[in-house]
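>>> Here is a sequence with its predicted model. Questions after.
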Amino acid sequence: MTLKFQSEAEYLASLLMRGAGGNYVYEASVQLLVRHGYWLSNRDLLKFVVTYEDPPAAAGIEWGAAVAALDSGDLEADQEQAVILRIAASISGACKIALFDVVQGIDRQNIKYIAEALMYADGFLGSIADPIP
């Protein structure tokens, strides 16, 4: 069976989900990046992606290294993009964050994505957040 992908980001997402191997925590981290849309299209993130097998059958993100690069300025992002990466890394267990420090100023759609990623990570796979102002 040959898989068809419309974009490199979609292909990367597929590899990362396979790399998550059914672990809800890792899947939730990947899904947050997929839904946000910025990081999987950012070529600089590829420095922190590890592929398995040749040709690649799965992939993973070196979350700690990616966050360290973000902290040092070697991985550029605006505030909201940085928050999404930090929360995804935190969900995966690679770093600790204080939610107070990262959620202020996040738009409603991304708050929804974050809430749903947290629920997914805990096994609530079909849960939907509905931010009401």
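Received, thanks.
>>> From now on I want contacts and neighbour counts done on CA atoms only, so please keep to that.
Will do.
>>> phi, psi of the residue most central in space within the chain?
Centroid check for the chain by CA atoms, centre = their mean gives Leu33 as the closest residue, at 3.1 Å. Note on Leu33: backbone dihedrals following degrees, to the nearest 10 are phi -60, psi -40.
>>> how much space between it and Leu70?
15 Å (CA to CA, to the nearest Å).
>>> Same question for Phe48.
Here Phe48 is placed at a distance of 11 Å from Leu70 (CA to CA).
>>> For the chain, which segments count as helices?
For the chain, the helices defined by DSSP state H cover 8-20, 24-36, 63-72, 79-91, 99-103, 108-121.
>>> so which of those gets nearest Tyr52?
Smallest distance to Tyr52 across the helices of the chain (CA to CA): 8.2 Å, for helix 8-20.
>>> Could you list every helix and strand that the closest one packs against?
Under the contact criterion of 3 or more CA pairs under 8 Å, 6 or more residues apart in numbering; DSSP states H and E, helix 8-20 touches helix 24-36, strand 58-61.
>>> CA atoms only for that helix, dumped as PDB, please.
The C-alpha coordinates for helix 8-20 follow below in PDB (Å, rounded to 0.1, in the frame of the first residue of the first chain):
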ATOM      1  CA  GLU A   8       5.600  17.500   3.700                       C
ATOM      2  CA  ALA A   9       4.000  18.500   7.000                       C
ATOM      3  CA  GLU A  10       1.300  15.800   6.500                       C
ATOM      4  CA  TYR A  11       4.000  13.200   5.900                       C
ATOM      5  CA  LEU A  12       6.000  14.300   8.900                       C
ATOM      6  CA  ALA A  13       2.800  14.200  11.100                       C
ATOM      7  CA  SER A  14       2.200  10.600   9.800                       C
ATOM      8  CA  LEU A  15       5.800   9.600  10.700                       C
ATOM      9  CA  LEU A  16       5.500  11.200  14.200                       C
ATOM     10  CA  MET A  17       2.200   9.500  14.900                       C
ATOM     11  CA  ARG A  18       3.700   6.200  14.000                       C
ATOM     12  CA  GLY A  19       6.700   7.000  16.200                       C
ATOM     13  CA  ALA A  20       4.300   7.700  19.100                       C
END
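>>> Of all the residues in it, which ones are buried?
Residues of helix 8-20 classed as buried: Ala9, Leu12, Ala13, Ser14, Leu15, Leu16, Met17, Arg18, Gly19, Ala20 (neighbour count, 16 or more other CA atoms under 10 Å).
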